[in-house]
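Asker: Quick one, structure for this:
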Amino acid sequence: MTALAGTGPLLRFALRRDRVLIPVWVAVNTLMVLSMPTTLEGLYDTPADRADLLRQVETNSSLRALIGPVFGDSLGALSAWRVGVYAAALAAVTSLLIVVRHTRDEEESGRQDLIASGMVGRRASLTAALLAAGVANTVLALLVTAGLAGRGAAGAAAFGLGLAGVGMLFATTAALAAQLTESARLARGLTSAVLGAAFVLRAAGDSSADDGSSPLTWLSPLGWLENLRAFADERWWVLSLLAAAIAAQGALAYGLAGRRDVGMSFLPTRPGPAAGRLGTAAALSWRLQRGAVLGWSAGFFLAGVVYGGLTEGAADLVGDNDRAREIFERMGGRSGLTDAFLASMIGMLGMIAALYVVASVLRLHGEETSGRAEPVLANTVGRLRWAAGHLTIAFGGAALIMLLAGLGFAAGYGRDGGPILAACLVQLPAVWLVGGLTVLLYGTVPRLAPAAWGVAGAFLLIGWIGPALDAPQTVLDLSPFGHLPKLPGAEMRWTPVLTLLCAAALLVAAGLAGLRRRDMTSS
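Answerer: As a prediction, the model looks like this:
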């Protein structure tokens, strides 16, 4: 039996399990990319407007740190500049979720033991996971290339290949992390930390150089994508850097996979005794999720500082561009441009916070399916008490990260922080509503609980791209974030806030009622 025996059936099984996750995440990424040329065409419809934008980017180091340098004034080059870093990061997140789910998650739940007992090679599961990530990135590359081909076939191909290359690089990073760590949570966290470091290196490098030539930029895979220079005299050789890194990390992951037992790792979890008290379900929940809470908290505070620092220059960036002003006002309300910019950026962080609350609530699902919930529930801890511990971290953690985002905005902006903190906290009813939907799915139909990622992704898509595409208000109202008052600047409206809070509470109650009545499962 070869080391790859059984790869085909495992790949088909992985694609079937991800029949929702892969299409949703790829569709969100593709729509984000393909909507950008139309948006930019409305914003900068003359060569003079585009030339003015290039001059502003060259002189605004904060903007370069946030988005990157721009290498051409064509709509294709501007689209690659505006959305490239974030589309690549989204492809990386999709890839790491796929790979960890079909490698370390399977081992942690015990399902890999059953698979390994059949006619399956030692590296078949890892190969199937990487191939599943490859399918997702290939589809993304094909859709992006086809959608942007009208802006320049060579640039579209370079941009599509670059996005897929970054996605596959982080797929192999996740494969490597899955060999080193003993839990899926640590594997995802380690890979996410590498992605965060790549973003920080690129941002630091781009803030110091306006042409992507900084050594710090070249240390980041995200910097490689921008230096590919899609639609601007493409540097095809940069793709060889991505290919070499993918091959090196993949080879190392394959080598490690053949040298360890199933369920084991090269960096095993430190055995007890555990420090601190674990006498309650809430304390156990905090121990399990504290790393994620601290990571999200730091990220939101830093994002607030960066966006707050950009606020002062928002008026200069928009200038006399009525279309750009209209988009900001649609996202942030019809107040002053500065307030509209703040409201739109805070609203964006609120929609991202919904991803945190989904991940945190779904920790219940992971604990149940892995069998770790059974020993806890076998004692005097009831289901509702066990769930309440995790939900406290999920909903309370969302409040914490939005509060820290507000403090970051206030620190970066350097003005009165009271209205900004209020604007951040007013996002919580919508964030909690998404959490309530996740609780409802988990408590009543646990096999559909991962579909909450699709719901959160759809709300993010509506809020991010909808205003730029001039979507009808009925479409924007499909998202709970569309009903919130656009603070700061707009008038506070309590009716939608209280309505969303009540709806979130009802959804949580219904989900917990379903959890209390249904059978628990370990598969």
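
Asker: pLDDT on stretch 135-152, on average?
Answerer: Per-residue pLDDT over stretch 135-152 has a mean of 94.

Asker: Now tell me what touches it from outside.
Answerer: 15, 18, 22, 25-26, 29-30, 33-34, 37, 74-76, 79, 87, 91, 94-95, 98, 155-157, 159-161, 163-164, 167-168, 171, 231 (Cβ atoms under 8 Å, 6 or more residues apart in numbering). Just so you know, the C-beta spots here come from the backbone N, C-alpha and C atoms, and that holds for glycine as well.

Asker: mind listing which of those are in helices?
Answerer: 15, 22, 25-26, 29-30, 33-34, 37, 75-76, 79, 87, 91, 94-95, 98, 155-157, 159-161, 163-164, 167-168, 171 (DSSP state H).

Asker: Only the buried subset of these, as a PyMOL command please.
Answerer: Provided next is the PyMOL selection string for whichever of these are buried by 16 or more other Cβ atoms under 10 Å:
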select buried, resi 15+22+25+26+29+30+33+34+37+75+76+79+87+91+94+95+98+155+156+157+159+160+161+163+164+167+168+171
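
Asker: For stretch 451-459, what is the distance to the chain centroid?
Answerer: 11 Å (Cα atoms, centre = their mean, to the nearest Å).

Asker: For the remainder of this discussion, apply numbering that starts at 49.
Answerer: Sure, I'll start numbering at 49, so the last one becomes stretch 499-507.

Asker: Restricting to C-alpha, output that stretch in CSV.
Answerer: Once non-C-alpha atoms are left out, stretch 499-507 reads as follows in CSV (Å, rounded to 0.1, in the frame of the first residue of the first chain):
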residue,chain,number,x,y,z
ALA,A,499,-23.7,27.4,8.0
ALA,A,500,-23.5,30.3,10.4
TRP,A,501,-20.2,31.2,8.7
GLY,A,502,-22.1,31.7,5.5
VAL,A,503,-24.7,33.9,7.2
ALA,A,504,-21.9,36.1,8.7
GLY,A,505,-20.1,36.2,5.3
ALA,A,506,-23.3,37.3,3.5
PHE,A,507,-23.8,40.2,6.0
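
Asker: What residues of that stretch count as buried?
Answerer: Ala499, Ala500, Trp501, Gly502, Val503, Ala504, Gly505, Phe507.

Asker: Excluding chain neighbours, give the residue nearest to the fourth one in space.
Answerer: If I follow you right, that is Gly502. Val72 (4.2 Å; Cβ to Cβ, 6 or more residues apart in numbering).

Asker: burial measure for the one you found, as a count.
Answerer: 21 (other Cβ atoms under 10 Å).

Asker: Next one: it from Ala245, what distance?
Answerer: 27 Å (Cβ to Cβ, to the nearest Å).

Asker: try Leu114
Answerer: For Leu114, the distance to Ala245 - Cβ to Cβ - is 17 Å.

Asker: top helix in this protein by residue count?
Answerer: helix 385-417.

Asker: other SSEs contacting that one?
Answerer: Under the contact definition 3 or more Cβ pairs under 8 Å, 6 or more residues apart in numbering; DSSP states H and E, helix 385-417 sits against helix 329-359, helix 362-366, helix 370-380, helix 431-461, helix 466-473, helix 476-492, helix 499-513.

Asker: Between these, which one is closest to Leu425.
Answerer: helix 431-461 (6.1 Å; Cβ to Cβ).

Asker: between Leu114 and Ala245, who's got more neighbours?
Answerer: Leu114 (18 against 12).

Asker: Can you get me a residue count around the residue nearest to that one when sequence neighbours are not counted?
Answerer: If the residues on either side of it in the chain are set aside, Leu114 comes closest to Val354, at 6.2 Å by Cβ to Cβ, 6+ apart. If you count neighbours by other Cβ under 10 Å, Val354 ends up with 17.

Asker: What residues does Ile441 make contact with?
Answerer: Ser333, Trp334, Gln337, Val341, Ser408.

Asker: Kindly recompute the last result at 6 Å.
Answerer: Residues counted as contacts of Ile441 (Cβ atoms under 6 Å, 6 or more residues apart in numbering) are Ser333, Gln337, Ser408.

Asker: before we move on, the earlier item: let's see the helix or strand following the longest helix of the chain as CSV, backbone CA atoms only.
Answerer: For helix 385-417, the following helix or strand on the C-terminal side (DSSP states H and E) is helix 421-425. Written as CSV, here are the backbone C-alpha positions of helix 421-425 (Å, rounded to 0.1, in the frame of the first residue of the first chain):
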residue,chain,number,x,y,z
ALA,A,421,-18.0,17.7,26.3
GLU,A,422,-19.0,14.3,27.6
PRO,A,423,-16.7,14.1,30.6
VAL,A,424,-17.8,17.6,31.7
LEU,A,425,-21.5,16.8,31.3
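
Asker: tell me the mean pLDDT for helix 421-425?
Answerer: 81.

Asker: how about that helix: buried residues?
Answerer: Those would be Ala421, Val424, Leu425, for helix 421-425 by 16+ other Cβ under 10 Å.

Asker: swap in stretch 121-137?
Answerer: For stretch 121-137, by 16+ other Cβ under 10 Å, it's 121-137.

Asker: Please apply the same query to stretch 93-101.
Answerer: Asp97, Arg98, Asp100, Leu101.

Asker: in which helix or strand would I find the second one?
Answerer: Taking DSSP H and E as the criterion, the element that holds Arg98 is helix 95-107.

Asker: And the contacts of that helix?
Answerer: Tyr92, Leu111, Val118, Asp121, Asp258, Leu365.

Asker: what's the answer for stretch 483-498, then?
Answerer: By Cβ under 6 Å, 6+ apart, stretch 483-498 touches 405-406, 409, 412-413, 442-443, 500, 503, 552, 555-556, 558-560, 562-563.

Asker: for the stretch 199-348 of the chain, what are the low-confidence residue spans?
Answerer: 308-327 (pLDDT under 70).

Asker: For Leu52, see how far away Gly419 is.
Answerer: 29 Å.

Asker: Equivalent analysis for Glu156, please.
Answerer: For Glu156 relative to Leu52 (Cβ to Cβ), the value is 23 Å.

Asker: tell me the secondary structure for Asp258?
Answerer: coil (DSSP: H, G, I helix; E, B strand; the rest coil).

Asker: tell me the phi and psi of it?
Answerer: phi -100, psi 10 (degrees, to the nearest 10).

Asker: which ones are touching it?
Answerer: Glu106, Pro117.

Asker: how about a cut-off of 8 Å?
Answerer: So Asp258 contacts Val105, Glu106, Arg112, Pro117 (Cβ under 8 Å, 6+ apart).

Asker: Kindly report the same for Ile394.
Answerer: Ala453, Gly454, Phe457, Ile468, Ala471, Cys472, Gln475, Leu535.

Asker: who touches the last one in this structure?
Answerer: Contact analysis of Leu535 by Cβ under 8 Å, 6+ apart lists Gly381, Ala391, Ile394, Pro467, Ala470, Ala471, Val474.
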